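# after the sequence you'll find the predicted model.
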Amino acid sequence: MKSYLAPKFIIERDTERCINCKVCVNQCSFDSHYYDADDDKVKSRIGKCVGCHRCVLFCPTQALTVRENPLDYRANYNWSPEVIEDITKQAESGGVVLTGMGNDKSQRIYWDHLLLNASQVTNPSIDPLREPMELTTYLGRKPDKIDIDKQDPQSIKLKTELAPQVKLDVPVMFSAMSYGAVSINVHKSLARAAVEMGTLWNTGEGGLHPDLYKYGNNTIVQVASGRFGVQPSYLNIARVVEIKIGQGAKPGIGGHLPGEKVTAEVSSTRMIPHGTDALSPAPQHDIYSIEDLSQLIHALKEATNYTKPISVKIAAVHNSAAIASGMVRAGADIIVLDGFRGATGAAPKIIRENVGIPIELALASVDTRLRQEGIRNQASLVISGGIRNSGDVIKAIALGADAVNIGTAALVALGCRVCQQCHTGKCAWGICTSDLFLSKRLNPDIGARRAANLLRGWSHEIKDMLGGMGINAIESLRGNRLHLRGIDLTDTELEVLGVRMAGN
Amino acid sequence: MNNNLNTISNKKVMEISADGLSYRELNTKLREAAAQGIEKFKLTDVCGQRYLGTGLNKPVEIDIRGTPGNDLGAFMEGPEITVHGNVQDGCGNTMNDGEIIVHGHTGDVVGFSARGGKIFIRDSVGYRAGIHMKEYKDKKPVIVIGGNAQDFCGEYMAGGILILLGFNTHEVNFKANFIGTGMHGGVIYLGNKVETYQLGKEVGIAELDENDNNVLRQYVNEFASHFNCDAEEILNRQFIKLFPRWLRPYGQLYVY
């Protein structure tokens, strides 16, 4: 069948600069460039380019540029080129349109409508360059009250037995991204960066490669519907065990890691045959209720002898607040909310763009609900889904989060250009692929440095903003919505966010 | 509560009455005793305690009288559990290694996502038996069910062996629907009749070849020795084999 899809990008080659060195031919995993032996020239194909910039940035003479194909349709607000092209793809295949990364649509980003406060005159701001600033965060269940043994004034002791706590030096962790969806070198990069920066990275649900067990103390291991890689050694090596119920990019559905990505190594970690699809069912078939969730939480506590916090991750959906309350009462020590901008290695586009709610609103309503019920202390609240910079982080903490997870931002630090081709497994940057040839492009030493640098930069910025507010510990900002004001928001939006209008 | 420590056949044995113990107290006791070298536990008066055998990670024997609660042997690595009675839901959940022998029925989701080890059930099981079992090289979970199973057995199976003998039951035919839906690995042997409408569309039916017969004989013999029945009588039944028709059942579902 002839395809009616026009090329998305045009590659422009400056023939005066091009030295026919074939770097672009070798770098492009989408087959856009080739060497024409007859003409003894490197040329480009039309219609293959995905706009990942690999060739542009690796061309030694800067001979290449990539532009969006300026093919104009007759202007139509309803029938946008994207809508027309998706219909065309489906008409030619009968399939579900798949995509990668997070929702790229224009729904309101509430972070951009929230503004932070700063001290002026009446209370002094703090200069983080000359005074200590505390970003330390402890994740885990906190007691309702603490009893202290003061009988011996020389050694005052805590009588209350604390639930397992995890100390983070910076309240930013790396989101769950499974081995198989991302390359082993992404796992290595993030694990090392987490160790360096005193935070945690997350295995996702693809198991933990034996080479990475040594980073266990900075690792969150996931138990998801496919139960890939879940065995006692995996649970016991981790710092936190996370039950994944859902993710923001595709609430309510499972995942299919395509057989192309199930290489020999991936198959050994996931424990499935080489080349088969790794199917993660939509629900966990042993969890059909809050009671069942409680059962799995406690099964994991038993399996790890009550030494680790158990986290439960859900996608932000309409009734997240009630669900979160149930999760806390079911025994979750950490709750992770993933908003509708949360990214993915592969999801049906229609789900990514239409299911779930913005993380800002979900966070505000969950935090409010747990406070109203007097159980906010019983679980830490971690949020994710499109966190772009330290401003988003600090606003999230002021809205009530204990910490945030970053996925896309971490991958961008490693080289990702957000070209949204994760689901193809052909990532030219060696990130979202299990192809050994491509994976090698990400050097974990450099990757770890880049990811750690990002957290270092954000830490400085968070300290600056905290100091500006006259606060010297992130604990003091947590859930302190008086430090936020809203702009361009309706009364209902302000009410849900629990934030006053700017100027008010 | 009554703990008796004695030695039978060179094994250090501990008897525990579970009467009045919470699952956490009971499991803590098992873990501490196993760490001190106890090799066999005889649990009596078990009444709904969950997660027995979880977190022990040692090849100890556990003999259970009474009714253990949900998630018996969840994430289990090593123990051999014998239950003289019925078992509730989630038996062998994500089990990695070891053996569970049930002299009775079990509830739903038996052997869910099992990665290794064996489960023998004398009678019948509930819904969703053997969902998403996996295998890798020589690590291959096996579930043998003497009677019948309900809907969704073998769903999403990615490996392992699920055997439904259809023997210890009054029902002539299997009644389960959606057998093996989404199956993409492993094998199911059925000792009773099914109609094709009862099967997931990802499942193919075949007669047993020599290799299948050898595998079946091995596990039926084990089953018969556990439950003291006649292996030949079981093997004389007309068995069929269910297998995944595709390694990638949903490979054609998507367009980029």
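Looks like it arrived, so ask away.

# report the contact partners of B:Arg248.
A:Pro258, A:Gly259, A:Gly275, A:Thr276, A:Asp277, B:His184 (C-beta atoms under 8 Å, 6 or more residues apart in numbering or on different chains). Every residue, glycine included, has its C-beta placed from N, CA and C.

# of the residues you listed, closest to B:Ser17?
In terms of C-beta to C-beta, no member of the contacts of B:Arg248 lies closer to B:Ser17 than B:His184, at 45.4 Å.

# would you mind measuring from the closest residue to chain A within the stretch 1-150 of chain B to A:Arg227?
Closest approach of the stretch 1-150 of chain B to chain A (C-beta to the nearest C-beta) occurs at B:Ser113, with a separation of 3.7 Å. Distance, B:Ser113 to A:Arg227, using C-beta to C-beta, to the nearest Å: 4 Å.

# likewise for A:Phe340?
Remark: distance between A:Phe340 and A:Arg227 (C-beta to C-beta) = 26 Å.

# quick one: least confident helix or strand in chain A?
strand A:255-257 (a mean of 84; mean pLDDT, DSSP states H and E).

# and it, what other elements does it pack with?
Of the remaining helices and strands, those touching strand A:255-257 by 3 or more C-beta pairs under 8 Å, 6 or more residues apart in numbering or on different chains; DSSP states H and E are strand A:278-280.

# on contacts alone, who are the packing partners of the strand it packs on?
So strand A:278-280, by 3+ C-beta pairs under 8 Å, 6+ apart, packs with strand A:255-257.

# for the residue of the stretch 1-150 of chain A found nearest chain B, what are its contacts?
At 3.4 Å from chain B, A:Gly95 is the closest residue in the stretch 1-150 of chain A, using C-beta to the nearest C-beta. A:Gly95 makes contacts with A:Lys89, B:Gln252, B:Leu253, B:Tyr254, B:Val255, as judged by C-beta under 8 Å, 6+ apart.

# that older thread, which residues do B:Ser113 and A:Arg227 both contact?
Once C-beta under 8 Å, 6+ apart is applied, the residues that B:Ser113 and A:Arg227 both contact turn out to be B:Thr94, B:His132, B:Lys134.

# who are the contact partners of the first one?
If I follow you right, that is B:Thr94. Neighbouring residues of B:Thr94 by C-beta under 8 Å, 6+ apart: A:Val223, A:Arg227, A:Val230, B:Ala74, B:Phe75, B:Phe112, B:Ser113, B:Ala114, B:Arg115.

# let me see the domain layout of chain A.
According to automatic domain parsing, chain A is divided into the following domains: A:9-95, A:169-501.

# skipping adjacent residues, who's closest to the most centrally placed residue in chain A in space?
Centroid-nearest residue in chain A, with C-alpha atoms, centre = their mean: A:Gly407, separated by 2.7 Å. With C-beta to C-beta, 6 or more residues apart in numbering or on different chains as the criterion, A:Gly407 has its nearest non-adjacent residue at 3.3 Å, and that residue is A:Ser175.

# what is the neighbour count of that neighbour?
Burial of A:Ser175, expressed as a neighbour count using other C-beta atoms under 10 Å in any protein chain shown, amounts to 28.

# now swap in A:Ile10 and tell me
Residues contacting A:Ile10 under the criterion other C-beta under 10 Å number 16.

# got the contact list for the host helix or strand of A:Glu92?
Assignment of secondary structure by DSSP states H and E places A:Glu92 within helix A:81-93. Residues from elsewhere that reach helix A:81-93, judged by C-beta under 8 Å, 6+ apart: A:Met1, A:Ser3, A:Tyr4, A:Leu5, A:Leu71, A:Tyr73, A:Gly95, A:Val97, A:Lys349, B:Val255, B:Tyr256.

# and the following helix or strand past that helix, how far from the chain's centre?
Going down the chain from helix A:81-93, the next helix or strand is strand A:96-99, by DSSP H and E. Using C-alpha atoms, centre = their mean, to the nearest Å, the mean C-alpha position of strand A:96-99 is found 20 Å from that of the whole chain.

# state the distance from the residue of the stretch 1-150 of chain B closest to chain A to A:Val42.
The spacing between B:Ser113 and A:Val42, counted by C-beta to C-beta, is 50 Å.

# buried set for stretch A:469-478?
Of the residues in stretch A:469-478, those with enough neighbours to count as buried (16 or more other C-beta atoms under 10 Å in any protein chain shown) are A:Met469, A:Gly470, A:Ile471, A:Asn472, A:Ile474, A:Glu475, A:Leu477, A:Arg478.

# which two from these end up farthest apart in space?
Between any two of these, the greatest separation by C-beta to C-beta is 15.4 Å, found for A:Gly470 and A:Arg478.

# residue contacts, the residue of the stretch 201-350 of chain A found nearest chain B?
Relative to chain B, the nearest point of the stretch 201-350 of chain A is A:Arg227 (3.7 Å; C-beta to the nearest C-beta). With contacts defined as C-beta under 8 Å, 6+ apart, A:Arg227 is in contact with A:Glu205, B:Thr94, B:Phe112, B:Ser113, B:Arg115, B:His132, B:Lys134.
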